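Enquirer: Below: sequence and its predicted model.
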Amino acid sequence: MLASGAVGTMQNRSERDTFADMYASRLARLWAVERGLVFGRLDHVDEGRLYIGKLGLTDDEQERLLIDWRAPVAQPFYRATPAAPMGLTRRRHLQTRGRTVVAVDDDLLDLDALTEDDRATLNGEAALLAALDERRTGRMRDIVATIQAEQDKVIRSDLNGVLVVQGGPGTGKTVVALHRAAYLLYTHRERLERRGVLILGPNLTFLRYIEQVLPSLGETDVLLSAVGELYPGLTATARDKPEVAAVKGDLRMAEVIARAVRDRQRVPRKPVELRLGRYTLTMDRKMLESAANKAARSRRPHNQARAVFVRSLLNALARQAARQIGKGLIDDDELADLREELRTEPVVRSALNRLWPYLTPQRLLLGLYGSPDRLGYAAAGLTPEERALLRRDGARGGEWTESDVPLLDEAAELLGEIDEQVLRASAMAAEEELAAARQAEEHEREAELAYAREVLELTGLSDVMEAERLAERQRGEGPHLTTAERAAADRTWAYGHVIVDEAQELSPMAWRAVMRRIPTRSMTIVGDIAQTGSAAGARSWAEVLDPYVAGRWRQERLTVNYRTPVELMEVAARVLATIDPGLEAPRSVREIGASPWAAPLAELPAIVADEVAGGGKVAVVAPDELLASLGESVEGAVVVTPGAGRSRGAEALDAPVAVLGVADAKGLEFDSVIVAEPDLIAAQSPRGTSDLYVALTRATQRLGVVHDRPLSDALRGLARRPDGDSGSADGVPAVPGNGRPPGKT
Ligand SMILES: Nc1ncnc2c1ncn2[C@@H]1O[C@H](COP(=O)(O)OP(=O)(O)OP(=O)(O)O)[C@@H](O)[C@H]1O
């Protein structure tokens, strides 16, 4: 298609590009599914054999060669059991390397239906354990070949309504949610391709960790985003202290933002005088209030209601001007002329801008955080201590934090868009004002200059640029945009389906921002209440969902832990019991024959070197305050500090050793995990014990803790790491060997 060149009519060219796009994405899909293309075979009692793979293929005669795993006829591959064989005699798992079959495992489902020959060729089932025991690569992989029945139920659950998937660590919530996205896209392709699917994750490192799963299933057009990226045009990675995050995430902030907007619409008590050469006009309180009331009654967002306010004031001023120049009665045309004349007067314009300024969410929030007065008015419903937590000096600078993003979104909703033409016009006007201000009297100068700068800044915002570029592309003047790209740039986009991972971490304000994007409430929410680390996070799913879909959400539970071996989970479960004795840890499927260990902090560098030599990915999970120093002491480590960007996360995943805090380790897994100063992790925030539970459940093979501080009861019994100091913690004998598994069990 491309070789045919850019010839012919516009229509020809556009057709050519469409075909080229189509073939390119088909090709990309075919390449992406190469690994493990075919992984299963179903032997039916009477229908013969079907091969199951990552996508469907037919030959030139339209004979089915391969069935897509998501097709209804593939379902018995995941669901059939000897008790309910679903018409199968046998299910075969094929393991391949490149295009070579390297192993075959059979599940026997219907003994009676098997021939003697079949009985002789049956192998034991080992595909799942083989997959679980594989070394980790730093990136999550698809599990199509080994999806378990309870997971399949979640994956194929109905598109409509809110589905909550609650499950302990390692139960496959994330991987299942990703396969569900692929399944929904396959089953409801038209609707979901048009509206798009959004997957929200806890942080940028996590997004890098999962980003290859959907492409490897042939799905490339899903938007992966962290909550800190929900507001187009900025990526917030900084984190507030827990007590600040708790205030910013509280539902009362919705009222604070609403009042902050109203604060910018309050009219001054004293009359405002406008000196206009020949005459002086006065805007008294009554006139201002009447204009503000009209604007409020229009029920438009702030930036759009401004037009109503301005028009009302200009009308009143024009009448006043007419009276002053001796024209008592004027007709509509004359009034309109006068109004336009006044509108262009710099003095009038600048007064109107001060009375009802155009506002962006950023400006509103910075103005609020930076001013005790504004906070006093807007946050009247908060305590003085809470207001103090919101206060930020240097209002103009400063980084946006993850918990600011839902507030910006809330503000955007109340402020509305600023018309692009208006922005341009006010930029020009501001330039003029700047020039005028330079000539103004000393005492007025500061205020004038500050205001003009403000407007200029406002008009130079990068999201406006983005909007422009977007509009250009949509008009067909730029490169083709995918649904995901268009959705990412548009704050008001309504998605076809939204998946929220680690959903327990979202604050009530973040939920408002999420719900705005999915008016149909077609959602999958996955998480674990026991892992909630954020101070503003969830304590129960009902508390989160009842305000939006009371009585209309359904829940599935995942109960089997595929990541953490039995020995490691025993230790984690002791910590879980200290959070709440009623909480149940998931059941692990593997034993590895080695127990977690403890060692002095000083031995960390040597231990890490040893673990790296042992192979696979190693992580040191540490309290935030120790990250930098530990990172320096460990050779070859990539440190992820809070606020690190997407690329740092990726670097850490690809490195042999990552040093990171719990918030960034959330959702990830490594072959070997060393938790530094566990009790400091537990003490560093109100939900610190949940953080420790998360840290202890990240390993697939080996787990240890290094510490100087005394260990809590839950960890006190750990054996000393044999290579470290002799003896054991509190008299418990050392584990035999070097703490590594003696081999696959
Ligand atoms: N059916 C399966 N076949 C093979 N591997 C699986 C299966 N289910 C889960 N796993 C693996 O188990 C590990 C844990 O899965 P995942 O990260 O999705 O769990 P999670 O419930 O999201 O955990 P957490 O709550 O701790 O983040 C992953 O390596 C995943 O690939």
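Expert: Alright, I've got the coordinates.
Enquirer: At the contact with the ligand, which residues of the stretch 151-300 of the chain appear?
Expert: Within the stretch 151-300 of the chain, the positions adjacent to the ligand are Gln151, Gly167, Pro169, Gly170, Thr171, Gly172, Lys173, Thr174, Val175 by C-beta under 6 Å from any ligand atom. Glycine gets a C-beta too; all of them are placed from N, C-alpha and C.
Enquirer: In strands, which of these fall?
Expert: Per DSSP state E, strands hold the following members of these: Gly167.
Enquirer: can you tell me which two in the residues of the stretch 151-300 of the chain next to the ligand are farthest apart?
Expert: Gln151 and Pro169 (15.1 Å; C-beta to C-beta).
Enquirer: For the residues of the stretch 151-300 of the chain next to the ligand, give me JSON lines that also has pLDDT and neighbour count.
Expert: Listed next are these as JSON lines, based on pLDDT from 0 to 100; neighbours: other C-beta atoms under 10 Å:
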{"residue": "Gln151", "pLDDT": "93", "neighbour count": "25"}
{"residue": "Gly167", "pLDDT": "93", "neighbour count": "23"}
{"residue": "Pro169", "pLDDT": "94", "neighbour count": "23"}
{"residue": "Gly170", "pLDDT": "94", "neighbour count": "26"}
{"residue": "Thr171", "pLDDT": "95", "neighbour count": "26"}
{"residue": "Gly172", "pLDDT": "94", "neighbour count": "25"}
{"residue": "Lys173", "pLDDT": "95", "neighbour count": "25"}
{"residue": "Thr174", "pLDDT": "95", "neighbour count": "26"}
{"residue": "Val175", "pLDDT": "95", "neighbour count": "20"}
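Enquirer: quick one: which of the residues of the stretch 151-300 of the chain next to the ligand sit in helices?
Expert: Residues of those located in helices (DSSP state H): Gln151, Lys173, Thr174, Val175.
Enquirer: Quick check: closest non-adjacent residue to the first one.
Expert: Distances taken as C-beta to C-beta, 6 or more residues apart in numbering put Val176 closest to Gln151, at 4.8 Å, once the chain neighbours are dropped.
Enquirer: mind listing what the one you found touches?
Expert: Each residue near Val176 by C-beta atoms under 8 Å, 6 or more residues apart in numbering is listed here: Ile147, Gln151, Val154, Ile155, Val165, Val526, Leu558.
Enquirer: Spell out the secondary structure type for Ile525.
Expert: Put simply, Ile525 is strand when judged by DSSP: H, G, I helix; E, B strand; the rest coil.
Enquirer: Tell me who's in contact with it.
Expert: Val162, Leu163, Val164, Val165, Ile499, Val500, Ala503, Trp541, Val544, Leu545.
Enquirer: nearest to the ligand, of the residues you listed?
Expert: Val165 (8.6 Å; C-beta to the nearest ligand atom).
Enquirer: Compute the inter-axis angle for the helix or strand hosting that closest one and strand 523-527.
Expert: Using DSSP states H and E, Val165 sits in strand 162-167. Following axes from the mean of the first three to the mean of the last three C-alpha atoms, to 10 degrees, one obtains 20 degrees for the angle between strand 162-167 and strand 523-527.
Enquirer: Please identify the pairing partners of strand 162-167 and their relative orientation?
Expert: Strand pairing for strand 162-167, determined by DSSP bridges: strand 523-527 (parallel), strand 553-558 (parallel).
Enquirer: Report the buried residues of that strand.
Expert: Val162, Leu163, Val164, Val165, Gln166, Gly167 (16 or more other C-beta atoms under 10 Å).
Enquirer: What lies in contact with it?
Expert: For strand 162-167, the surrounding residues in contact (C-beta under 8 Å, 6+ apart) are 154, 157, 173, 176-177, 521-529, 541, 545, 548-549, 552-559, 586.
Enquirer: so where does the residue of the chain most remote from its centre fall, helix or strand?
Expert: Ranked by distance from the centre of the chain (C-alpha atoms, centre = their mean), the top residue is Gly326, with 63.6 Å. Using DSSP H and E, Gly326 sits in no helix or strand.
Enquirer: quick one: it and Leu355, what's the gap?
Expert: Separation of Gly326 from Leu355 (C-beta to C-beta, to the nearest Å): 28 Å.
Enquirer: Isn't Ala655 up against Glu635?
Expert: No. Counting by C-beta atoms under 8 Å, Ala655 does not reach Glu635; the two are 11.0 Å apart.
Enquirer: more crowded one of those two?
Expert: Ala655 (18 against 11; other C-beta atoms under 10 Å).
Enquirer: Check the secondary structure at the closest residue to the more buried one other than its chain neighbours for me.
Expert: For Ala655, ignoring the flanking residues on the chain, the nearest one in space by C-beta to C-beta, 6+ apart is Val638 at 4.2 Å. Under the three-state scheme (three-state DSSP), Val638 adopts strand.
Enquirer: hey, what's Val638 bridged with?
Expert: Under the criterion used (DSSP bridges), Val638 bridges to Ala658.
Enquirer: my read: it touches Arg648, true?
Expert: Yes. Using C-beta under 8 Å, Val638 makes contact with Arg648 at a distance of 7.3 Å.
Enquirer: and the residue in the stretch 451-600 of the chain that the ligand sits nearest to, what does it touch?
Expert: Across the stretch 451-600 of the chain, no residue is closer to the ligand than Tyr562, which sits at 3.6 Å (C-beta to the nearest ligand atom). The contact partners of Tyr562, taken as C-beta under 8 Å, 6+ apart, are Leu132, Gly170, Thr171, Gly172, Val589.
Enquirer: Just want to check the distance between it and Thr532.
Expert: Tyr562 is 22 Å from Thr532, by C-beta to C-beta.
Enquirer: gap between the residue positioned nearest the centre of the chain and the ligand?
Expert: Centroid-nearest residue in the chain, with C-alpha atoms, centre = their mean: Ala226, separated by 2.3 Å. From Ala226 across to the ligand, the span is 15 Å (C-beta to the nearest ligand atom, to the nearest Å).
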